[in-house]
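K.L.:
predicted structure and sequence below. I'll ask about it afterward.
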Amino acid sequence: MKRLEQITAKALERVNHDRYLLSKAVGKRAEELNAGATPLVDMDVKKHKTTDIALHEIAEGKLHIEKED
């Protein structure tokens, strides 16, 4: 579980520690992955939860996340 905590911490850094923004971004990206979008990281949608894939994408800087005004 420690690995997931590290990924989450890294993802939070990417969104300036805004937990709400991170949860919205993960949810939106997970929906896209469920709809057939190709993961931007080397993870199989059939073997991993889409929320975990989205979190990894954000942590690795593969997605640009901005606040909506």
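P.N.:
Structure's in. What do you need?
K.L.:
run through the residues that contact residue 52.
P.N.:
Contacts for residue 52 (C-beta atoms under 8 Å, 6 or more residues apart in numbering) come out as 4, 43. All C-beta atoms are positioned from the backbone trio N, CA, C, and that covers glycine.
K.L.:
tell me the SS of it?
P.N.:
Taking DSSP: H, G, I helix; E, B strand; the rest coil as the rule, one finds residue 52 in the helix state.
K.L.:
verify the stated contact: residue 26 with residue 54.
P.N.:
Yes: with contact defined as C-beta atoms under 8 Å, residue 26 reaches residue 54; the gap is 4.6 Å.
K.L.:
quick one, helices of the chain?
P.N.:
Along the chain, the stretches classed as helices by DSSP state H are 2-14, 19-34, 50-59.
K.L.:
mean pLDDT for the ones you listed - can I get that in JSON lines?
P.N.:
Listed next are these as JSON lines, based on pLDDT from 0 to 100:
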{"stretch": "helix 2-14", "mean pLDDT": "93"}
{"stretch": "helix 19-34", "mean pLDDT": "96"}
{"stretch": "helix 50-59", "mean pLDDT": "96"}
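K.L.:
and residue 67, which of those is closest to it?
P.N.:
Between residue 67 and the helices of the chain, the shortest gap by C-beta to C-beta is with helix 19-34, which sits at 6.0 Å.
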